[in-house]
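# Just need the structure, nothing else, for what follows:
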Amino acid sequence: MEGNAPQPDHRPASSRGAWALLAVGLLLGLVTTWRITGDPDAFWHLASGRLSAATGYTLPTDTFSFSHFGQPWRVKDLGGDLLLWGAFAVASYAGVAILVALFFLPLPAALQSLAPRRSAVVPVLLAAAYLAAVSMSATPRPRLFTLALFPLALVLIEQARAAAQRRAPSREIAIWFGAVAMLVVTWLQLHRGGLAIAPLLVGLFLYLATARLLSRWSIAQLIFGPAPDRRGLIAAALLILAPLVAALLHPAGMALLTSTFGVMNTEIYRQHVSEFQPISLHDAWLHFPALVLLVVAALVAAAAALRRLVRGDASFSGIAWPAAVLLLFLAQAPGSVRWLPYLAASALLLLVWFAERRPLHMPALRPASALASATVMGAAIIHLASPHQLGVGESPQMPAAAIAFAHKHQLGPRVHNAFHFGGYLIWAGAPGFQTLVDGRNDMVFDAKFFLECITAEDDPAAFRDLEQRLPSDWILAANPGVSPAFGFLDRDPDFIPLFWSEPATIYARRGRYPALEAKALRFIRPSDPVASLGAALRAAAGERSRLALLEDELVRMHGASPDGVQSNSLLVLFYGSLGPAAMEQRDAYWSQLRQRAPDHPAVRELGRRLNLALD
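A predicted model of the protein is given here:
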């Protein structure tokens with residue numbers, strides 16, 4: 001049999017190396033989590049944590065919607081919600097980013113534990129590759145805990161498997177298997193995505209049982225590794241109970257086990273909710289190239305390991321376990337985007353397993369220099385993989401101005417909202433406003449009701465049917481450029497647009513708020529502002545009084561979204577149509593556009609259309 005040549009030990013000589021790896025993990029985690037919050041579901045998670053902390057209740061029934069008020073809220077990630085809200089209460093969105101980054105902190109050190117003979121550069125770069133692969137999913141909601149904890153669980157399972165197969169002392173076996181159990185129980189209190197570990201726990205027992213059953217054949221020993229004794233098998237069998245224990249400790253009880261994965265197999269959700277949709281290899285490459293590269297690298301490593309194994313290299317014994325984990329999630333991933341982070345973590349496990357047995361040839365650098373270089377490179381990889389807007393706070397795509405208008409003018413509590421805005425309405429609308437529907441699809445709303453609400457966003461007849469059954473006080477519509485909904489209402493004589501901002505429009509039935517109708521939109525149609533501006537200019541035919549009314553409307557729209565591309569573009573077009581006398585106003589708004597969104601396609605098109613300089 002061919003063996004590996006002895007390798008130098010590159011481990012740090014003191015605890016300073018371990019602390020350095022933890023600091024690197026925190027830094028890479030912050031690069032991943034330090035982003036503007038634009039995921040609507042993040043806001044209702046914060047709101048549920050806020051409400052539970054304020055009331056001391058586990059929120060067994062829905063209080064956020066008027067359509068399902070008082071009905072059971074079957075499953076929720078209340079532990080994760082409370083943790084996120086606690087961080088927010090301390091330091092706002094920065095607190096949330098730092099909290100979740102702390103969960104990523106141990107990742108490089110954990111990977112180093114599986115490759116102790118390798119330079120710290122290897123686990124740092126692999127951790128960065130994983131974070132780059134999942135960075136598109138790194139929004140501030142309990143799912144982030146799964147992104148952080150799943151690779152750690154895989155590391156602990158690998159350590160437990162290795163301890164069982166080398167027949168380590170009983171204390172060591174108990175420590176590793178106990179650590180896995182504690183992590184699973186804790187993880188499931190934070191996010192139910194931890195149930196993805198359940199098939200791996202069953203698989204671990206079957207793997208160890210197979211290694212023991214086939215141990216008499218040398219080929220089986222090469223593939224599966226050494227046979228464990230009864231202690232390892234008993235520990236693996238007991239470990240399967242960890243998800244059941246977690247369910248008993250969870251407020252949802254056994255419903256936690258029955259509801260988590262069913263939603264991903266519901267056809268309605270798979271058609272309309274992006275994170276439940278199936279994904280092709282082509283789409284995965286377009287939207288998640290870092291993940292595809294990570295998986296391809298893992299498959300190449302698996303093939304190389306198998307080739308060495310066939311040649312009799314016993315150092316690659318046990319390839320079956322990391323390869324089986326990778327293939328399990330590779331088979332699941334096309335069915336739902338939600339499986340992609342699990343696939344990335346399984347690819348990470350195989351790569352670090354391979355790196356320990358066949359190290360990369362790294363340039364000779366001092367350990368500190370190598371670690372610093374790897375950290376900078378890793379941070380750059382993460383940011384380039386998901387060039388999100390660094391910073392903290394709420395995305396300008398959220399309807400903050402619209403909800404502030406509704407609060408100021410004390411609009412009624414029942415809101416027929418665009419699905420996309422439901423989570424933010426729960427967060428910013430409390431107390432006082434209730435949603436029709438929001439992102440708690442599988443927790444409160446059934447698939448049939450969800451489909452009715454989605455259909456009503458584009459179908460006037462479905463909208464009226466829903467309004468007749470569940471009448472609302474006003475409509476929170478999403479404008480083009482966000483996730484368009486209820487655009488037909490600006491052509492419906494029964495409804496009037498009371499307020500416009502870049503992301504959202506508020507509609508109400510005529511006569512419902514007579515004091516506000518004087519300032520309603522008269523000229524601009526929210527579904528097509530540019531075309532309606534052109535029509536209004538033609539209808540005015542240069543008449544000053546009508547142009548003054550149009551200007552007043554455009555200025556009010558700009559006041560609601562002073563940094564908006566659409567609001568500034570409309571004023572550029574308006575003043576540009578008035579000729580030389582209004583060039584100063586036109587150029588002032590054009591200057592704002594150039595400063596705030598020089599690369600936006602609409603800004604570039606406007607500059608080309610009016611022959612205005614972009615630089």
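
# how about the strands of the chain, start to end?
415-417, 474-478, 495-500, 504-509 (DSSP state E).

# for those, which one ends up most surrounded?
Compared across those, strand 415-417 shows the largest average neighbour count, a mean of 28 (mean count of other C-beta atoms under 10 Å). All C-beta atoms are positioned from the backbone trio N, CA, C, and that covers glycine.

# how much distance is there from that strand to the middle of the chain?
With C-alpha atoms, centre = their mean, to the nearest Å as the basis, strand 415-417 stands 24 Å off its chain's centre.

# and if you look at stretch 401-409?
So, by C-alpha atoms, centre = their mean, the centroid of stretch 401-409 is 28 Å from its chain's centroid.

# ditto for stretch 321-339
Distance of stretch 321-339 from its chain centroid, counting by C-alpha atoms, centre = their mean, is 19 Å.

# and it, what's its mean pLDDT?
Averaging pLDDT along stretch 321-339 gives 91.

# what's around residue 580, how many residues?
7 (other C-beta atoms under 10 Å).

# Let's have the strands of the chain in CSV, adding distance to residue 357 and mean pLDDT.
Formatted as CSV, the strands of the chain follow (distance: least, C-beta to C-beta, whole Å; pLDDT from 0 to 100):
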stretch, distance to residue 357, mean pLDDT
strand 415-417, 54, 98
strand 474-478, 52, 96
strand 495-500, 61, 96
strand 504-509, 55, 96
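
# Format those as CSV; extra columns: distance to residue 319.
Output for the strands of the chain, formatted as CSV (distance: least, C-beta to C-beta, whole Å):
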stretch, distance to residue 319
strand 415-417, 51
strand 474-478, 50
strand 495-500, 60
strand 504-509, 53
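
# The ones you listed: which one's closest to residue 172?
Closest approach to residue 172 among those is made by strand 415-417 (54.7 Å; C-beta to C-beta).

# Which secondary structure elements does the closest one sit against?
helix 422-429, strand 474-478 (3 or more C-beta pairs under 8 Å, 6 or more residues apart in numbering; DSSP states H and E).

# In a markdown table: the ones you listed, plus distance to residue 307.
Output for the helices and strands packed on strand 415-417, formatted as a markdown table (distance: least, C-beta to C-beta, whole Å):
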| stretch | distance to residue 307 |
| --- | --- |
| helix 422-429 | 49 |
| strand 474-478 | 53 |
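
# Figure out which of the ones you listed is closest to residue 505.
strand 474-478 (4.6 Å).

# how deep is the nearest residue to residue 157 once chain neighbours are set aside tucked in, by neighbour count?
Counting by C-beta to C-beta, 6 or more residues apart in numbering, the nearest residue to residue 157 once its immediate chain neighbours are dropped is residue 180, at 5.7 Å. Residue 180 has 27 neighbours, counted by other C-beta under 10 Å.

# likewise the one 4 residues further on?
Taking other C-beta under 10 Å as the neighbour definition, residue 184 ends up with a count of 25.

# wouldn't it be in contact with residue 150 here?
No - using C-beta atoms under 8 Å, residue 184 is not in contact with residue 150; the gap is 10.5 Å.

# Give me the common contacts of the two.
194, 197 (C-beta atoms under 8 Å, 6 or more residues apart in numbering).

# hang on, the earlier thing: tell me which of the helices and strands packed on strand 415-417 lies nearest to residue 322.
helix 422-429 (37.2 Å).

# Next up, the contacts around the nearest residue to residue 128 once chain neighbours are set aside.
Nearest non-adjacent residue to residue 128, counting by C-beta to C-beta, 6+ apart: residue 378, 2.7 Å away. Contact analysis of residue 378 by C-beta under 8 Å, 6+ apart lists 24, 28, 124, 125, 127, 128, 129, 131.

# I'd like the distance between the fifth one and residue 106.
When you say that, I think you mean residue 127. 10 Å (C-beta to C-beta, to the nearest Å).

# hey, what's in contact with both of those two?
Counting by C-beta under 8 Å, 6+ apart, the residues touching both residue 127 and residue 106 are residue 25.

# Relative to residue 419, how far out is the closest residue to residue 463 other than its chain neighbours?
Once flanking residues are discounted, residue 463 sits nearest to residue 456: 4.2 Å by C-beta to C-beta, 6+ apart. Distance from residue 456 to residue 419, counting by C-beta to C-beta: 10 Å.

# Just the pLDDT for the residue nearest to residue 110 when sequence neighbours are not counted.
Using C-beta to C-beta, 6+ apart and skipping the chain neighbours, the partner closest in space to residue 110 is residue 155 (4.4 Å). pLDDT for residue 155: 95.

# Then the one 3 residues further on?
According to the prediction, residue 158 has pLDDT 95.
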